[in-house]
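Visitor: Sequence first, predicted coordinates after that:
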Amino acid sequence: MSDYQRISCEAHSLYELAIIRSQSMQVIINGNAQTIQPKDIMTKSGIEYLVFIDENNVLQELRADKITL
């Protein structure tokens, strides 16, 4: 059984809006505040993943439930 927790519709909408507008956003990943630029949100095997460019300009893919707005 997976520990995956679905993200809220509000969070999903905020990610989609940032993607469409090519906007950066402040999030918390592993307890650290970061500025990211979301590029895509996708589902694999029922789990949502956010694809984003991190503060070091590196393309990342992370489970969306591991990111806090």
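Guide: Yes, it's here. Residues are numbered from 1 along each chain as shown.
Visitor: how about the strands in this protein?
Guide: 25-29, 32-44, 47-53, 59-63, 67-68 (DSSP state E).
Visitor: deepest of those strands, which one?
Guide: strand 47-53 (a mean of 19; mean count of other Cβ atoms under 10 Å). Where C-beta positions appear, they are placed from N, C-alpha and C, glycine not excepted.
Visitor: What lies in contact with it?
Guide: Strand 47-53 is contacted from outside by 2, 4, 6-7, 12, 15, 36-43, 59-65, 67, using Cβ atoms under 8 Å, 6 or more residues apart in numbering.
Visitor: Hey, what's the angle from it to strand 59-63? Just curious.
Guide: 160 degrees (axes from the mean of the first three to the mean of the last three Cα atoms, to 10 degrees).
Visitor: quick check: angle from strand 47-53 to strand 32-44?
Guide: 130 degrees.
Visitor: Not counting residues beside it along the chain, what's closest to the residue positioned nearest the centre of the chain?
Guide: With distances taken as Cα atoms, centre = their mean, residue 50 lies nearest the centre of the chain, 3.7 Å away. Excluding the flanking residues, the one nearest residue 50 by Cβ to Cβ, 6 or more residues apart in numbering is residue 64, at 4.8 Å.
Visitor: what's the pLDDT at that neighbour?
Guide: We note a pLDDT of 97 for residue 64 in this prediction.
Visitor: what about it, distance to residue 35?
Guide: Distance of residue 64 to residue 35, given as Cβ to Cβ, to the nearest Å: 17 Å.
Visitor: Poorly predicted segments of the chain, please.
Guide: By pLDDT under 70, the weakly predicted segments of the chain are 1.
Visitor: wait, residue 18 sits on residue 26?
Guide: No - using Cβ atoms under 8 Å, residue 18 makes no contact with residue 26, being 10.7 Å away.
Visitor: Next, count neighbours for residue 6.
Guide: 12 (other Cβ atoms under 10 Å).
Visitor: Verify the stated contact: it with residue 43.
Guide: No - using Cβ under 8 Å, residue 6 and residue 43 do not qualify as a contacting pair, with a distance of 10.4 Å.
Visitor: who's in contact with residue 46?
Guide: With contact taken as Cβ under 8 Å, 6+ apart, residue 46 is in contact with residue 4.
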